[in-house]
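**Student:** just coords:
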């Protein structure tokens, strides 16, 4: 009995310890952001500051090239929210078609969806740039939002399709017998039930777009249009010799939305990731 | 509602004009299916197929994005094979993927085994291990990583090293590998949920037969997890071969191209050296490499992935 208890204690100590090592870098960043900028590396081994200051946040918020950091946040929110809404709507439509309707070419289409799931953004990075350049979409938000209206992120469609397939067939069958068209079955029966999966997809889409670095790097050319990730990168290049405090402060700010989502929507996130592996 | 629907139907049927026929056609299951999938069809065409074809055309051209393209045949492809930087970046990326992907999967599996038991604090542990992978792809973390491994950064301060981790060809790539391995959290969650699906009765039966925990792991857990492991390996390897942002932000390929990832080289050729034709050709070589690699992985499946179900 005592041995069992001891093993349990050891388990918890080890798991906890390793867990702290895992998140220590993040803690270090957040705590460094409230230290006085010139003491950050002198006191790197200590987590807590001698006296907390929010000066770094004030300095960082001024941004650069006369554009405040608030503008970057506003831009990112705009892109991420539009992209999220479009992704949710388009993925819901396509996943219902693939999950419940029989038509010619459905299997081919689903194979293509899986293909887009395996096709990483980096591989179409340059092809898409050349194409959007032809369409004159460079230095607009269109390359980051318009494709989202077309459900080409396989993971999102896959996620919703799995969910719809899990719904009882009787519901849609009964509606069909009652004379409901496929369109009203979708809007009146499937859509209300689809809310949890839509939540998961919305969260993933938002986080992906919030963190996205590659598209802004390729497409946004003028500073007032920058998103947070691109601004951070240039901020870090420009201040490489001086203001680490402000850099850490703004980096912490940029992580805040994702951390908030993590705290309040953990269940959706975990569920979304877990189902990803089930049917592999 | 249903009443109204049938009323509409009756009315349009009565009309029998082209609107009626259109309406009837749209109501058919086969048409409705295509209507619902239309966004994806168009999206695939406009945002995947056309860009890819366009880039294939440019890969046969001399092209610098702003000017006119000039057709030069397969010259770009021929040049690739005598391009030392191409081989260098391929080697760097391969090394990165070969080391980081298995490490990530192994860590994910080991920690998943620890976290599969349900105690009161398990959700907290799970959150701690998962958080890095949620935030890891952000620029903020890349910046943090760069500062941690700077000469007066956190790592040297804590462990008393005096190494410029990012300045030496031997160590820089390992800093990036560590960043990738650190983000094992999402694979871990996938493993936890697969582990929970293994019926306890199997372990009970094994215990009756006198199996120890090591045998349990290798004879029950591992085979039943192998489809999940496979799925993880495929997805992570593809992503590993594509690594771009962390390299671009933290080291930008330096020092001496020791962290010049393939995608980064492709990006540099296209945008920094104004060589979009050559960059497109590099992209197509990458597509072929990834396709071959995935095909080989799928071929090995039959030797080690258990697909018998429970």
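**Tutor:** Everything's here; your move. What you see is a predicted model; the values in this text were computed from it and never measured. Residues are numbered from 1 along each chain as shown, chains lettered A, B, ... in the order given.

**Student:** drop to CA atoms for contacts and neighbour counts, all remaining ones
**Tutor:** Will do.

**Student:** hmm, the host helix or strand of residue B:298 touching chain A?
**Tutor:** Using DSSP states H and E, residue B:298 sits in helix B:276-304. Yes: with Cα under 8 Å from any Cα of the partner chain as the criterion, chain A is reached by helix B:276-304 at B:279-280, B:283, B:286-287.

**Student:** domain assignment for the chain?
**Tutor:** As the question left the chain open, I've gone with chain A. Following automatic domain parsing, one gets these domains for chain A: A:2-61, A:69-238.

**Student:** That was the other one, I meant chain B.
**Tutor:** If you go by automatic domain parsing, chain B breaks into B:2-59, B:78-304.

**Student:** Put together JSON lines for those domains, with mean pLDDT, mean neighbour count and distance to residue A:168 on each row.
**Tutor:** Formatted as JSON lines, the domains of chain B follow (pLDDT from 0 to 100; neighbours: other Cα atoms under 10 Å in any protein chain shown; distance: least, Cα to Cα, whole Å):
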{"stretch": "domain B:2-59", "mean pLDDT": "78", "mean neighbour count": "17", "distance to residue A:168": "19"}
{"stretch": "domain B:78-304", "mean pLDDT": "89", "mean neighbour count": "19", "distance to residue A:168": "22"}
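
**Student:** In TSV, list the ones you listed along with distance to residue A:231.
**Tutor:** Below are the domains of chain B laid out as TSV (distance: least, Cα to Cα, whole Å):
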stretch	distance to residue A:231
domain B:2-59	26
domain B:78-304	9
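
**Student:** Any idea which of the ones you listed gets closest to residue A:235?
**Tutor:** With Cα to Cα as the measure, domain B:78-304 is the member of those nearest residue A:235 (10.2 Å).

**Student:** quick revisit: between the residues of helix B:276-304 next to chain A, which is nearest residue A:94?
**Tutor:** The shortest gap between residue A:94 and any of the residues of helix B:276-304 next to chain A belongs to residue B:287, at 26.4 Å (Cα to Cα).

**Student:** What residues does the closest one make contact with?
**Tutor:** Going by Cα atoms under 8 Å, 6 or more residues apart in numbering or on different chains, residue B:287 touches residue A:123.

**Student:** what's the answer for residue A:118, then?
**Tutor:** The contact partners of residue A:118, taken as Cα under 8 Å, 6+ apart, are B:235, B:238.

**Student:** Tell me the residues of the stretch 101-250 of chain A that contact chain B?
**Tutor:** Going by Cα under 8 Å from any Cα, the residues of the stretch 101-250 of chain A near chain B are A:101-104, A:109, A:118, A:120, A:122-124, A:126-128, A:130-131, A:147, A:149-152, A:178-183, A:211-214, A:229-230, A:232-233, A:236, A:248.

**Student:** So which of those residues sit within helices?
**Tutor:** Among these, the residues falling in helices (DSSP state H) are A:109, A:118, A:122-124, A:126-128, A:130-131, A:182-183, A:211, A:214, A:229-230, A:232-233, A:236, A:248.

**Student:** Make a ChimeraX selection of whichever of these turn out to be buried.
**Tutor:** Those of those that count as buried under 16 or more other Cα atoms under 10 Å in any protein chain shown are selected in ChimeraX with:
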select /A:109,118,122,123,124,126,127,128,130,131,182,183,211,214,229,230,232,233,236,248
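
**Student:** Which one of the domains of chain B lies nearest to residue A:164?
**Tutor:** Among these, if distance is taken as Cα to Cα, the winner is domain B:2-59, at 14.0 Å.

**Student:** Let me see the confidence value for residue A:258.
**Tutor:** On the pLDDT scale, residue A:258 is placed at 92.

**Student:** now swap in residue A:219 and tell me
**Tutor:** For residue A:219, the pLDDT comes out at 93.

**Student:** quick one: it and residue A:139 touch, right?
**Tutor:** Yes: Residue A:219 lies in contact with residue A:139 (Cα atoms under 8 Å); the separation is 5.2 Å.

**Student:** which of the two has more neighbours?
**Tutor:** The residue with more neighbours, out of residue A:219 and residue A:139, is residue A:219; 21 against 16, by other Cα atoms under 10 Å in any protein chain shown.

**Student:** Outside of stretch A:11-25 itself, list whatever touches it.
**Tutor:** B:114, B:125, B:128-129, B:131-132, B:144, B:148, B:182.

**Student:** do stretch B:109-118 as well
**Tutor:** Contacts to stretch B:109-118, defined as Cα under 8 Å, 6+ apart, come from residues A:15, B:122, B:125-126, B:187-189, B:191-192, B:195-196.

**Student:** Put together JSON lines for the residues you listed, with secondary structure and distance to residue B:103 on each row.
**Tutor:** Output for the contacts of stretch B:109-118, formatted as JSON lines (DSSP: H, G, I helix; E, B strand; the rest coil; distance: Cα to Cα, whole Å):
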{"residue": "A:15", "secondary structure": "helix", "distance to residue B:103": "19"}
{"residue": "B:122", "secondary structure": "helix", "distance to residue B:103": "23"}
{"residue": "B:125", "secondary structure": "helix", "distance to residue B:103": "20"}
{"residue": "B:126", "secondary structure": "helix", "distance to residue B:103": "19"}
{"residue": "B:187", "secondary structure": "helix", "distance to residue B:103": "12"}
{"residue": "B:188", "secondary structure": "helix", "distance to residue B:103": "12"}
{"residue": "B:189", "secondary structure": "helix", "distance to residue B:103": "16"}
{"residue": "B:191", "secondary structure": "helix", "distance to residue B:103": "15"}
{"residue": "B:192", "secondary structure": "helix", "distance to residue B:103": "17"}
{"residue": "B:195", "secondary structure": "helix", "distance to residue B:103": "19"}
{"residue": "B:196", "secondary structure": "helix", "distance to residue B:103": "22"}
